[in-house]
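A.B. asks: Can you look at this prediction? I've put the sequence above it.
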Amino acid sequence: MNRQSQAAVLFLLGAAMLHAGTTDLYLRYVKAGLRPLLLASGAILIVTALATAWYEHRRTRTQTRTQTRTRTKARTKARTKTVATATATATATATATETATATETATTRRPEGHEAAADAHTHPEEAHLEHAHPEPRVSWLLILPLLALILVAPPALGSYSATRTGTALQEPLAYPALPATDPLPLSVVDYAGRAVYDHGRTLTGREVRLTGFVALDHDGTPYLVRMALNCCAADAQPVKVGLTGAIPPVLQPDTWLTITGTYTPRTTHDPVNNGPIPFLKVTTATPTPTPRDPYDESWNN
């Protein structure tokens, strides 16, 4: 791949990053706090691509001018040598007879053939350029992942990943006081941490409201799940809350629900990594649209 092709790939990559950063698309890949870095990276890639294209264009123009000057000098030198040879021959045979004059004419023509041969052999760079092998077209296939990123945005991680990855619940460093709101909005991570490690002391007697997507275990046990991020979707891990009580009769995996319910001391262990999974006694369950940011970033805060 030549430099012009490299510049094109860099430009498309930078444009894709800017497109993701200026929309909510980037939230499917990285946490919200990394948006400024994503935009800066996209801008740097575009500037680099433009600088590379400009440098390559200037270098090509310089090479063309140099080759033109070299060819002109070579032709001028060959013609000068031809004229000098013809002049010397004419001087040496000036006093000869008509036969010598004919010989002079033949001698004058011979360097012309020599000039053509000189012209043919004074441009090895030109011959090399004419016989240069073209760049392989298969290198342009590198653009396909970029086009897929722009045109076919993948969804956020869902139930498939959640049921194949063990819960990532960690013990909170502290349990801040909860507001007197009823029902109390909590994240899945916050509820699970308080239910398991604080044994529900701050949740007893409170009605809470959680939002997450549905995942079904291999035995049909429904979970309300949020994927927690450290940095990006590559390190996303699920935090699960089991559902009991007034569970809807039909639950489809990856359906987003807003669940209102109360704390229950029931817990189980994740079949993947034996991690703790608390339960929530469901009072109501309402379908809800996929949130703007489908990941929970409070896990490592």
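C.D. replies: All right, it came through fine.

A.B. asks: By mean pLDDT, point me to the weakest helix or strand of this protein.
C.D. replies: helix 124-130 (a mean of 46; mean pLDDT, DSSP states H and E).

A.B. asks: where does this structure have low pLDDT?
C.D. replies: For the chain, the stretches flagged by pLDDT under 70 are 1, 83-84, 86-140, 142-143, 145-146, 148-154, 299-301.

A.B. asks: what are the ranges of the strands in it?
C.D. replies: Counting by DSSP state E, the chain has strands at residues 184-185, 207-216, 222-228, 237-245, 256-269, 276-287, 295-296.

A.B. asks: export those strands to a markdown table and tack on distance to Arg79 and mean neighbour count?
C.D. replies: All C-beta spots, glycine's among them, are computed from the backbone N, C-alpha and C. Converted to a markdown table, the strands of the chain look like this (distance: least, Cβ to Cβ, whole Å; neighbours: other Cβ atoms under 10 Å):
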| stretch | distance to Arg79 | mean neighbour count |
| --- | --- | --- |
| strand 184-185 | 90 | 16 |
| strand 207-216 | 82 | 22 |
| strand 222-228 | 78 | 25 |
| strand 237-245 | 79 | 23 |
| strand 256-269 | 83 | 17 |
| strand 276-287 | 88 | 19 |
| strand 295-296 | 75 | 23 |
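
A.B. asks: Let's have these in CSV, adding distance to Val196.
C.D. replies: Below are the strands of the chain laid out as CSV (distance: least, Cβ to Cβ, whole Å):
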stretch, distance to Val196
strand 184-185, 17
strand 207-216, 15
strand 222-228, 14
strand 237-245, 10
strand 256-269, 7
strand 276-287, 5
strand 295-296, 16
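
A.B. asks: out of those, nearest to Arg61?
C.D. replies: Closest to Arg61 of the strands of the chain is strand 295-296 (Cβ to Cβ; 49.5 Å).

A.B. asks: one step back: with Lys77 as the reference, name the closest of the strands of the chain.
C.D. replies: Shortest distance between Lys77 and those, using Cβ to Cβ, is found for strand 295-296: 71.8 Å.

A.B. asks: partners of that closest one in the sheet?
C.D. replies: If you go by DSSP bridges, strand 295-296 pairs up with strand 222-228 (parallel).

A.B. asks: Leu25 versus Leu210, what's the distance?
C.D. replies: Leu210 is 26 Å from Leu25, where distance means Cβ to Cβ, to the nearest Å.

A.B. asks: show me the contacts for the nearest residue to Arg35 once chain neighbours are set aside.
C.D. replies: Among residues not flanking Arg35 along the chain, Gly21 sits closest, at 5.7 Å (Cβ to Cβ, 6 or more residues apart in numbering). Gly21 sits next to 35, 38-39, 42 when contact means Cβ atoms under 8 Å, 6 or more residues apart in numbering.
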